[in-house]
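K.L.:
What shape does this take:
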Amino acid sequence: MNFGVGNPKREFTVESLVDEKFRFAVEACPSAMVMTDNVGRIILANTEAERMFCYGEGELIGEPMQILVPEHLHAKYMENRASVARHRIPRRFGPSSHLLGRRQDGTEFPIEVRLNPIQTPDGLLVLSVIVDISERVRTDRLKDEFVSTVSHELRTPLTSIAGSLGLLIGGAAGKLPDQAMRLIGIAQSNSQRLVRLINDILDIEKVESGQVIFNFKRIETRALVEQVIEANRGYADGFNVRTKLGSGSDTAEVYADPDRLAQVVTNLLSNAIKFSKRGGEVSIAIEKRGEAVRIAIRDHGPGIPPEFRPRIFEKFAQADTSDARQKGGTGLGLSIVKQIVARLGGEVGFADADGGGTVFYVDLPDWALMANRAIDIERDSHDMRILLCEDDPDAAIALREGLRPVGFSTDFAHSPNEAIARARHTSYSAIVVDLELPDGDGVGLIRRLREQPEVYRTPIVVMSADRTWEKSSGSSGLVCGWIEKPVNIDHLAQILDSALAREPNGRPHILHVDDDVDVLDLVADILRSTASITSAASLDEARRALLMHPFDLAVLDMNVGSASGLELLPALRRLDGEPIPVIIFSAYVTNLDANPQVEANLNKSGASLDSLVAAVRDRLMLRSAKVQVNVR
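P.N.:
Presented below is the predicted three-dimensional model:
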């Protein structure tokens with residue numbers, strides 16, 4: 001392990017920061033560990049880090065951390081590091097952040113990184129713990145391919161087989177001998193069982209991977225339960241079991257996906273019917289219990305064996321009693337129930353029933369109490385206040401709790417109308433919108449928000465599992481960021497950090513728009529000592545930047561891709577509505593003297609970079625003079 005001592009590039013001494021125990025712990029760690037100083041140079045790298053990135057002993061010491069990251073991810077790494085430095089708390093990045101490491105030979109591989117800030121008398125150090133997740137990614141890909149194969153190669157033919165056998169039993173091929181009918185009946189029963197097994201596997205895979213979209217609504221539980229009982233009446237008759245809704249059941253409302261909640265109740269009800277004695281009864285009760293609404297399904301069956309209880313909600317779990325085996329089933333029903341209930345923000349459990357049998361119950365948050373929690377009453381006065389437009393209460397609460405430690409207070413809106421009302425009456429630093437909302441689409445909500453004068457410049461971040469909405473809706477210029485679902489809290493915090501960033505100590509901020517990346521880099525280099533520079537290679541990028549930062553000056557190319565840079569002029573406004581001064585820096589210069597917003601018109605080929613620097617400084621000096629006059 002190397003600590004920067006004796007490296008010819010630069011001498012680093014960290015003896016005062018680490019003792020022998022720390023050295024041994026770092027070296028013994030099975031993960032790669034790299035420590036950087038306050039300017040991002042590597043001062044420590046254990047043997048695993050050198051092995052993982054294919055460097056020799058001591059070769060990493062003194063190098064910038066960026067050499068371990070592909071070039072196209074350098075900016076992302078710097079954002080992550082800046083966020084950790086700003087909030088002074090550890091952050092984990094990947095695998096949903098799509099992070100990649102870069103070996104010495106240039107090959108790339110997926111990684112997961114945890115950045116840990118360490119404050120020392122000599123400045124802030126950052127310890128990076130890096131894990132190679134190549135095998136995990138490969139396994140996930142194989143699992144996805146298997147599920148896809150099951151879906152397309154097995155389900156379709158099995159459905160056809162079950163359907164054909166059903167037609168034979170129904171007499172489609174004429175009357176068959178009794179022996180043949182018995183065999184066909186066995187074949188049909190088992191083919192249907194295989195279809196159910198495959199469907200259950202696909203269902204649980206989709207729920208676990210977050211692919212199932214939950215459409216939350218305000219639900220009256222009594223009406224939903226009555227519908228489920230009626231829909232399963234035929235199934236209950238087949239077992240000679242009566243089903244009913246308890247007479248003392250409460251009238252209560254919950255906020256859930258009606259289809260998924262019906263699936264949960266159906267699974268529990270059918271399970272209770274299956275294990276009831278012939279002539280028995282299954283009852284469903286609805287009860288308000290504190291802050292929750294409980295839906296309880298009671299049977300009069302043999303109960304659950306003690307040895308089976310700890311694993312009853314596991315995949316493919318089935319009791320080993322002969323009676324349980326005779327009942328059949330996939331062993332996935334209760335596992336699916338648990339997954340769905342968790343996504344609904346509730347809990348599922350079971351208990352022995354008085355007089356024999358079992359009670360399975362589902363507890364969901366009471367609608368009335370949950371609606372009152374939309375406002376974050378635990379917010380700290382120093383937190384940035386944001387609005388989250390999310391119809392999934394479980395996801396909303398998880399995001400609130402995840403963002404709280406990094407300085408964000410989160411209010412909820414569960415519908416477009418609620419979001420508009422909250423945004424108009426409360427000043428939010430940013431708004432996060434889930435595109436899948438009830439009673440309206442997310443893109444429509446974003447357009448409505450931008451029409452409100454109170455929200456016109458508020459940064460909006462989109463959550464979506466599919467980014468094709470951006471091109472199809474033409475809404476890219478209306479938002480300042482996008483994050484993939486399921487949401488990675490760290491990534492969302494980074495986007496919000498960037499959207500809410502403001503330049504300290506009055507340092508001027510310049511927007512440079514040009515479709516030539518080389519020109520963007522060159523201008524950023526020469527103006528970096530004068531101001532903070534945000535570079536945009538397209539008009540959409542520029543519009544997003546305008547939503548994220550207040551600018552003092554814009555440097556604009558006349559032709560940006562296939563569009564005219566002048567199309568951006570109406571959007572170049574400060575928060576108070578005043579126009580942002582513009583310097584045209586383009587190979588195609590036209591007469592713009594009539595436009596008071598354009599304060600200089602420079603030709604790329606004719607004007608030197610010194611001329612551009614001089615023009616920028618002149619305009620910034622005028623700005624500074626105006627600020628001083630206003631202060632006086």
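K.L.:
so where do the helices sit in the stretch 451-600 of the chain?
P.N.:
With DSSP state H, counting those that start in this stretch as the criterion, the stretch 451-600 of the chain has helices at 469-473, 489-499, 517-527, 539-548.
K.L.:
so which of the ones you listed gets nearest residue 388?
P.N.:
helix 489-499 (9.9 Å; CB to CB). For glycine as for every other residue, the C-beta is placed from the backbone atoms N, C-alpha and C.
K.L.:
Next, the angle helix 539-548 makes with the closest one.
P.N.:
Counting by axes from the mean of the first three to the mean of the last three CA atoms, to 10 degrees, helix 489-499 lies at 80 degrees to helix 539-548.
K.L.:
Which neighbouring elements make contact with helix 489-499?
P.N.:
Contacts defined by 3 or more CB pairs under 8 Å, 6 or more residues apart in numbering; DSSP states H and E place helix 489-499 against helix 74-87, strand 91-93, helix 393-403, strand 430-434, strand 460-464, strand 481-484, helix 539-548.
K.L.:
can I get these in TSV with mean neighbour count?
P.N.:
Output for the helices and strands packed on helix 489-499, formatted as TSV (neighbours: other CB atoms under 10 Å):
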stretch	mean neighbour count
helix 74-87	17
strand 91-93	19
helix 393-403	20
strand 430-434	24
strand 460-464	22
strand 481-484	18
helix 539-548	21
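K.L.:
can the helices of the stretch 451-600 of the chain go into CSV with extra columns for mean pLDDT and distance to residue 172?
P.N.:
Formatted as CSV, those follow (pLDDT from 0 to 100; distance: least, CB to CB, whole Å):
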stretch, mean pLDDT, distance to residue 172
helix 469-473, 55, 45
helix 489-499, 78, 56
helix 517-527, 84, 67
helix 539-548, 81, 59
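K.L.:
quick one, which of those helices is nearest to residue 357?
P.N.:
helix 489-499 (42.5 Å).
K.L.:
so who does the residue of the chain most remote from its centre touch?
P.N.:
The outermost residue of the chain, judged against the average C-alpha position, is residue 177 (58.7 Å), by CA atoms, centre = their mean. Listed by CB atoms under 8 Å, 6 or more residues apart in numbering, residue 177 has no contact partners.
K.L.:
what about it, distance to residue 183?
P.N.:
Separation of residue 177 from residue 183 (CB to CB, to the nearest Å) stands at 10 Å.
K.L.:
Check residue 519 too.
P.N.:
Counting by CB to CB, the gap from residue 519 to residue 183 is 78 Å.
K.L.:
same check, this time on residue 432
P.N.:
Separation of residue 432 from residue 183 (CB to CB) stands at 59 Å.
K.L.:
Between the helices of the stretch 451-600 of the chain, which one is closest to residue 37.
P.N.:
Comparing the helices of the stretch 451-600 of the chain by CB to CB, helix 489-499 comes nearest, at 21.9 Å.
K.L.:
tell me the angle of that closest one relative to helix 393-403?
P.N.:
Going by the same axes, to 10 degrees, helix 489-499 is angled at 60 degrees with respect to helix 393-403.
K.L.:
For my notes, please list the helices and strands packed on helix 489-499 in a markdown table and give distance to residue 364 for each entry.
P.N.:
Shown next, in a markdown table, are the helices and strands packed on helix 489-499 (distance: least, CB to CB, whole Å):
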| stretch | distance to residue 364 |
| --- | --- |
| helix 74-87 | 34 |
| strand 91-93 | 31 |
| helix 393-403 | 9 |
| strand 430-434 | 20 |
| strand 460-464 | 23 |
| strand 481-484 | 27 |
| helix 539-548 | 37 |
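K.L.:
Among those, single out whichever gets nearest to residue 598.
P.N.:
helix 539-548 (15.9 Å).
K.L.:
Please name every helix or strand in contact with the closest one.
P.N.:
helix 489-499, strand 509-513, strand 532-536.
K.L.:
angle of the first one against strand 430-434?
P.N.:
Same thing as helix 489-499. Using the same axes, to 10 degrees: helix 489-499 against strand 430-434 is 140 degrees.
K.L.:
Could you do the second one as well?
P.N.:
Between the axis of strand 509-513 and that of strand 430-434 there is an angle of 40 degrees, by the same axes, to 10 degrees.
K.L.:
Strand 509-513: how far from the chain's middle?
P.N.:
Centre-to-centre, strand 509-513 and its host chain are 30 Å apart (CA atoms, centre = their mean, to the nearest Å).
K.L.:
any idea how far residue 165 is from the residue farthest from the centre of the chain?
P.N.:
15 Å.
K.L.:
show me what contacts residue 572?
P.N.:
Residues near residue 572 by CB under 8 Å, 6+ apart: 511, 546, 551, 554, 579, 580, 582, 597.
K.L.:
winner for burial among the helices and strands packed on helix 539-548?
P.N.:
With neighbours defined as mean count of other CB atoms under 10 Å, the helices and strands packed on helix 539-548 peak in mean count at strand 509-513, which reaches a mean of 23.
K.L.:
elements contacting that one?
P.N.:
Secondary-structure packing of strand 509-513 (3+ CB pairs under 8 Å, 6+ apart): helix 517-527, strand 532-536, helix 539-548, strand 553-556.
K.L.:
beta partners for residue 287?
P.N.:
Beta-bridge pairing for residue 287 (DSSP bridges): residue 294.
K.L.:
What segments of the stretch 301-450 of the chain are helices?
P.N.:
Going by DSSP H, counting those that start in this stretch, the stretch 301-450 of the chain shows helices at 322-327, 333-343, 367-371, 393-403, 416-425, 442-451.
K.L.:
which residues does residue 389 contact?
P.N.:
Residue 389 sits next to 413, 416, 419, 431, 432, 433, 434, 437, 442, 445 when contact means CB under 8 Å, 6+ apart.
K.L.:
Can I get the residues you listed in CSV including distance to residue 130 and pLDDT?
P.N.:
Shown next, in CSV, are the contacts of residue 389 (distance: CB to CB, whole Å; pLDDT from 0 to 100):
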residue, distance to residue 130, pLDDT
413, 38, 86
416, 42, 84
419, 39, 86
431, 34, 92
432, 29, 93
433, 33, 91
434, 32, 88
437, 38, 72
442, 35, 78
445, 39, 85
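K.L.:
what helix or strand is residue 284 on?
P.N.:
Using DSSP states H and E, residue 284 sits in strand 281-289.
K.L.:
So which bits of that strand are buried?
P.N.:
281, 282, 283, 284, 285, 286, 287 (16 or more other CB atoms under 10 Å).
K.L.:
Stretch 444-462 too?
P.N.:
Within stretch 444-462, the residues scored as buried using 16+ other CB under 10 Å are 445, 446, 448, 449, 450, 455, 458, 459, 460, 461, 462.
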